[in-house]
Every structure is written in C-alpha cells, then in structure tokens.
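# return a 3D structure for these sequence lines:
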Amino acid sequence: MVRERKRVLAAFVIIIFFIGLSVLGLWGYASYQSTILYSYVEDVSSKVYKNNDFYVEIVAGEGWQIDGTAIGFGAQYDGYFYNKKGSELVDWSIDFVVPEESYIDSAWNGVFEKKENQIHLHAVDYNTNLSHENAITFGLVMYTSEPFTVNEIKVSGYWDRKMTSYPIFGFLMFLLVIVLVALITYLISDFRMKNMRIKQDEYKEIILQSLKTFANIIDAKDAYTKGHSLRVAKYAQEISRRMGKSVEEQERIFQISLLHDIGKIAVDDSILKKPGRLTPEELEKAKMHASTGGDILKDFTKIDGIEDGARFHHESFDGKGYPCGLAGEAIPECARIICVADAFDAMDSDRCYRNKLSREIIFKELENCSGIQFDGEIVKHMIQIIEDGFSTEDPS
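Numbering: from 1, shown residues only. Model (predicted):
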C-alpha cells in the first residue's frame, strides 16, 4: 500500500514537472519571438498592404499655397496605424519617402526625423505599444515644392509575445488545474483511507485479541494444552503461506484455527484431564467437541469458515473421521490444514496420558497417515516447516 501510494505521488510529481517544463519552454519561445523584427514595405497604390498583420495609411488633406517661396505648398498629413493581430506591436517605427525639397512645419503623436528624402517616425512614451483594439493616429504639417501624396511606406516593429497569448498556454493551465485537483482529491482520499485503515487495524486487533482470549479460556481447561490453540494457529498460518495463499487468507486461517477447539468448553473436565484411556462412552462425549464447536460458531459469520474449522477439523481424508464422515476435498481446506497442525502439536506436546513424542516418530506417523487421515500435500508442508526450523515461540 505504501509502495503504491509512492508510485501515485511520483506520477503526479512527474506530470506537474513536465507541465512546468512546458510552460518554461513556452515562455522561452515567446521571449525569443519578441526579439524578431517584423517589417513590411507598403505599395500604397495596390492596397494589398491591408492584408499585412499591421499597416499604415497616410492621408493628405487639402493643401494651400504660399506665394513667393520655392517650397510653398503646404498640406496636413494624417496617419493611421492599424494592428490586425491579438498581440501588441512594440518599439514600432515608420519610414516613408517624401520630396527631398520639403520640410516639417509641425507634427504630433510621434518623433519625426527627416533625412534627405526619408522621414523616420518612432513612438513617444505614451504610444509605444500598438494594440489590436485601438489604432494609433499621428500627423504632421509639411511643406513641399508641389502637391505630394505618400506612396511608399515601410513599417517595422516587434511583437510583444506573451506566453498567455498562445492557445497551448490555456491548455497547459487547464491540464495543471485538473492535475492539481486530482492530486488534492487523491491526498484527501488517501488521508481518509489511512484513517480508515487505522480504524480497521484497531478493529482487527480487537478481534484478534478476543479470539486469543477465547483460545486461552479453552486451553485453560487443561494445563497440558496451554498454548495449544495459538501454536496450531501459527502452524496453520505458515502452512497456508507455503501453499501460496494471500496475506488476507493466511490471517483468516490463523483466526479460524484459534477457535478450532472451542467445543471443548462443553466437555467435562474429568474426560479432558483423564490420565488413562477413555471408555467408548467417554470417547464419544469427547468427540462431541467438534460438532459443539461448530454449533457455537455458526452465527460468527464475519470470519468466513470459522464454523468449518471447528466442526470438521477431525474429519479424515479417507472419510472415516467425525462428526460427518466427509472425505477428500469435500472437507473444507481450512479444516484439512488445522487437522494436520493439530495432530502435529498434539504429538509434539506432553499430555496427561503420555509424554510428547520424538520428531522422528511424529514424522513417521504423519507420513503413514498421509492420504488416510491427513491430506498428503499438507503433510509435506508440515514436515518441511519443522525441518526448516520454524518455531511458534515469539522472538524475544
């Protein structure tokens, strides 16, 4: 779970990182584009210049004549500077050809510089940027030797490229918002799930402690069986692990095994603690603990199979066990596992009627009864567990 959480967070970090790189790259591209000078030369007579991204029109007003001077024809020239694109044009300039024998009388909305037959116009502080919404107007009064119309204009400028003006910027921001919302949602969900897991772990611990308490009550009826239920549960859990069961399944087998002998609380102490051989009548009463245990646990439905573990753990693989005479795989798997673990621990422990057996004898007994009393595959796992040094003792 922790590893999966780290992978998800890493994925979010990588996505955000690449979005950041894309935004940075877009900013760099926009900055580069802002350094490119764009120029158009307008042939006024053709009117084609109006197809350009930006263009200028200069209209000559009605002129007047001053007699007695060589340069005596005056006129007002009104200019209109248009931007057809969404980006602003900055640091713009306009150059147009005029008669060499001419001079500027007055001008407005720009800095006009005449050199020979060229007038160079560039922006003043308040109109350096040409936006899409508003045209820039400018004008001048100029005297020439004869009536004159501006026919050739050169317009130059730099596009103020902002990364926000590119459609991909909007897409990246949208993507970033989606990722951030998803990340926040995931973190909130993960926080809630973490709290739920903590609660679940607490509940599982309560259940486990309750089961262990019941197991202790069962084992307390006989000093010789103290710890038997817990040891059987640990053996059963290890067997299920070696059989390839999931962690959840291993925990379930462990819980089931803890209460496999719960039916013994209904068996008289004189039978459980009798040092000698039981009479046929006493043996039948002792055998009743299996079905009694199943009846006690039949309403405990939250742990699947816990009734089966108690009721069927004395069934034999050949069908000659009790209480129902089930055979082979008709016996629930959890009960077959408990049957082997229970038999091993019984032989490996001192009892009131005998001392514990040697491992050699125990292994021989398990192998001899393999396929008869016990499931042969489970016996193999049980023997291998002991040979591998598995211990039910808690590490100190």
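# could you count how many residues lie near the closest residue to residue 35 other than its chain neighbours?
Excluding the flanking residues, the one nearest residue 35 by Cβ to Cβ, 6 or more residues apart in numbering is residue 158, at 7.2 Å. (C-beta placed from N, C-alpha, C; glycine too.) Neighbours of residue 158 under the rule other Cβ atoms under 10 Å: 17.
# show me the contacts for residue 158.
Contacts for residue 158 were tallied using Cβ atoms under 8 Å, 6 or more residues apart in numbering; they are 34-38, 89-92.
# and if you look at residue 63?
73-75, 147.
# for those, work out which two are farthest apart.
74 and 147 (10.1 Å; Cβ to Cβ).
# of these two, who's got more company?
Taking neighbours as other Cβ under 10 Å, residue 74 and residue 147 compare with residue 74 leading, 16 against 11.
# the more buried one sits in which helix or strand?
Assigned by DSSP states H and E, residue 74 belongs to strand 73-83.
# helices or strands up against that strand?
strand 54-60, strand 64-65, strand 88-97, strand 136-144 (3 or more Cβ pairs under 8 Å, 6 or more residues apart in numbering; DSSP states H and E).
# can you give the strand pairings for that strand, parallel or anti for each?
Looking at strand 73-83 with DSSP bridges, its partner strands are strand 54-60 (antiparallel), strand 64-65 (antiparallel), strand 136-144 (antiparallel).
# any chance of the ones you listed in JSON lines with mean neighbour count and mean pLDDT as columns?
Output for those, formatted as JSON lines (neighbours: other Cβ atoms under 10 Å; pLDDT from 0 to 100):
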{"stretch": "strand 54-60", "mean neighbour count": "19", "mean pLDDT": "91"}
{"stretch": "strand 64-65", "mean neighbour count": "10", "mean pLDDT": "90"}
{"stretch": "strand 136-144", "mean neighbour count": "20", "mean pLDDT": "93"}
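# name the nearest residue to residue 54, ignoring sequence neighbours.
Per Cβ to Cβ, 6+ apart, closest to residue 54 is residue 83, 4.9 Å.
# check contacts around that neighbour.
Taking Cβ under 8 Å, 6+ apart, one finds 53-54, 89, 130-132, 135 in contact with residue 83.
# how near is it to residue 137?
Computed as Cβ to Cβ, to the nearest Å, the residue 83 to residue 137 distance reads 13 Å.
# same check, this time on residue 284
116 Å.
# closest to residue 20 out of the strands paired with strand 73-83?
Per Cβ to Cβ, nearest to residue 20 of the strands paired with strand 73-83: strand 54-60, 33.7 Å.
# relative to strand 88-97, how tilted is the closest one?
Here strand 54-60 runs at an angle of 40 degrees relative to strand 88-97 (axes from the mean of the first three to the mean of the last three Cα atoms, to 10 degrees).
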